[in-house]
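Undergrad: Okay, here's the prediction I keep looking at, along with the sequence it came from:
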Amino acid sequence: MRYERFIAQHFHQADKKKGKSMSKPAVKVATFGIAVGLAVMLLSVSVVVGFKHEVRSQVIGFGSHIQITANEIEQTYEHEPILLDESDIYRIKQMPHITRVQSVVTKSGIIKTEESFRGVVLKGVDSTYDWRFFHANMVEGDTLCPNDTMSYAVISQSTAEMLQLHVGDDFITYFVDNHVRARKFVVKGIYRTSFSDYDNLYLFTSMEPLRQLLGWEGDEVSCYELLIDDFKHLQSATDHIEGMLGNRFGETSALYSIQNIHQLTPMIFDWLAMLDANAVIILVLMLLVAGFNMISGLLILILERTNDIGLLKALGAANWPLRKVFLYHAAYLVGKGMLWGNIVGIGLILIQRFTHIIPLDASVYYVDYVPVSFNILHILLLNIGTAVASIAMMLLPSHIITKISPVKAMRFE
């Protein structure tokens, strides 16, 4: 063992055995500062990452990653019909990161019951539709099946409660165009997400009844929805699709429009981007607080060990090895603080992850509890960053050791 580390361990053990010591309160405060700072940083990153993932998954669950529609002047829930030929669909499926291509037909309508009424957007789907998001959010009943023979519908819990509908109940939906038309649907399933705006809006049914209402022929649809394997590839996948279909007219003479979920819901994603800035501010502040606590603790340790520093210098110790002694000593304290910070931070993350003990107002935050992410890589990076930053910030104050004179230090009291 190098003598710097040996002396640092001796100082550390001696400080623990001392009853009253000038450095003891400062050391406790510094260790506490490191623990609190790391715990807050772990919680901040976990909440921000978890929040972004949860809100993003809700938005994508309703709207997919990328949508191909007809290029229209006004953005509405009803689109002009488009039709991709089989070769285009095959080429899209072969593109990097594309995992699914599903077609939908959308139509606005009004549900009317004896109790109340509500305006909705009916989303007609077929066998290509990915129901995994709704399977995870079903409250009652089931999703649609390709072999359903009735005009089934999957509605949200908020719509069901407002209209007093249950699984198996039928209801009439009115469609107002040049004249009013009505269709009967049967509730097959009820879903509930924390995205109340979309819950209040969407109703899912099969595609054919909506095609008949719109008077569309063959396989014409309102939109093609594309899913990708990882959100980080969203822009590159959008660019690939844009390069393939951009400025092209389809078989229905409609000009294709390609938009990703970021472009379709910019306000939500701009809001999520602000969370990153908040997290960075919190990380910087916590590092500064923890670092200044350790700096003050280190200076007090050096002041209390001035006699020992003078003696070691008189015996021939150089300045840098003496600085390393106190940096090792400080590293022990940083390690202790980080240990407690990890215990508290990870413990709180796991408690919230499995119990959802801290609720949120879903109408404001789009989720009904504080979502957290437990990512080992993020935890490791925060620990490494905290350790490196804390030790680096103590290099400058340790320079005071070089100014200590052996003669004056040995007389210091």
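TA: Structure received.
Undergrad: Tell me how far Ile343 lies from Leu299.
TA: From Ile343 across to Leu299, the span is 28 Å (Cβ to Cβ, to the nearest Å). Just so you know, the C-beta spots here come from the backbone N, C-alpha and C atoms, and that holds for glycine as well.
Undergrad: more neighbours, these two?
TA: Taking other Cβ atoms under 10 Å, Ile343 and Leu299 do not tie; Leu299 has more neighbours (17 against 13).
Undergrad: ok, for the more buried one, nearest residue in space, not its chain neighbours?
TA: Spatially, and ignoring its direct neighbours in sequence, Leu299 is nearest to Pro397 (5.5 Å; Cβ to Cβ, 6 or more residues apart in numbering).
Undergrad: swap in Trp131?
TA: Nearest non-adjacent residue to Trp131 (Cβ to Cβ, 6+ apart): Thr143, at 4.4 Å.
Undergrad: how much space between that neighbour and Ser127?
TA: In terms of Cβ to Cβ, Thr143 sits 12 Å off from Ser127.
Undergrad: So which of the two has more stuff around it?
TA: Neighbour totals were compared for Thr143 and Ser127, and Thr143 leads with 17 against 11 (other Cβ under 10 Å).
Undergrad: hang on, that one in a strand?
TA: No: per DSSP: H, G, I helix; E, B strand; the rest coil, Thr143 lies outside any strand segment and is coil.
Undergrad: Might you report the residue contacts of it?
TA: Shown in contact with Thr143 (Cβ atoms under 8 Å, 6 or more residues apart in numbering): 131, 134-135, 154, 188-189, 204.
Undergrad: Lys324 versus Leu288, what's the distance?
TA: On the measure of Cβ to Cβ, Leu288 and Lys324 end up 24 Å apart.
Undergrad: These two: who's more crowded?
TA: Counted by other Cβ under 10 Å, Leu288 and Lys324 do not tie: Lys324 has more neighbours, with 20 against 13.
Undergrad: so where does the more buried one fall, helix or strand?
TA: helix 319-355 (DSSP states H and E).
Undergrad: list the helices and strands that helix packs on?
TA: In terms of contacts (3 or more Cβ pairs under 8 Å, 6 or more residues apart in numbering; DSSP states H and E), helix 319-355 is packed against helix 3-17, helix 23-63, helix 266-304, helix 306-314, helix 376-393.
Undergrad: and the gap between the residue nearest to Trp131 and Gly218?
TA: 26 Å.
Undergrad: One more: Ile172?
TA: Ile172 is 28 Å from Gly218, by Cβ to Cβ.
Undergrad: Not counting its neighbours along the chain, what's nearest Gly119?
TA: Closest to Gly119 by Cβ to Cβ, 6+ apart is Ile110, at 5.3 Å.
Undergrad: and Ser64, backbone torsions?
TA: Per-residue torsions, Ser64: phi 70, psi -180 (degrees, to the nearest 10).
Undergrad: Report the spatially closest residue to it, excluding sequence-adjacent ones.
TA: Nearest non-adjacent residue to Ser64 (Cβ to Cβ, 6+ apart): Glu225, at 3.5 Å.
Undergrad: Look up phi and psi at the one you found.
TA: Phi and psi for Glu225, reported as degrees, to the nearest 10, are phi -100, psi 130.
Undergrad: so where's this structure uncertain?
TA: 1-24, 26, 72-76, 149, 250-253, 303-317, 319, 399, 401-413 (pLDDT under 70).
Undergrad: Grab the longest strand from it for me.
TA: The residue-count maximum for a strand in the chain (DSSP state E) belongs to strand 98-112.
Undergrad: and that strand, which strands flank it?
TA: Each strand that pairs with strand 98-112, with its direction, by DSSP bridges: strand 117-125 (antiparallel), strand 170-176 (antiparallel), strand 223-228 (antiparallel).
Undergrad: For those, state which one has the densest average packing.
TA: Comparing the strands paired with strand 98-112 by mean neighbour count (mean count of other Cβ atoms under 10 Å), strand 223-228 comes out on top with a mean of 22.
Undergrad: In the sheet, which residues pair with the residue nearest to Ser64? Tell me.
TA: Here Glu225 sits in beta bridges with Gln67, Gln102, as judged by DSSP bridges.
Undergrad: mind starting the numbering at 39 from now?
TA: Renumbered: residue one is now 39, and that last one reads Glu263.
Undergrad: so it makes contact with Thr107?
TA: No: counting by Cβ atoms under 8 Å, Glu263 sits too far from Thr107 to count as a contact (9.7 Å).
Undergrad: Would you list the phi and psi of the residue nearest to Trp169?
TA: Phi and psi for Thr181, reported as degrees, to the nearest 10, are phi -80, psi 180.
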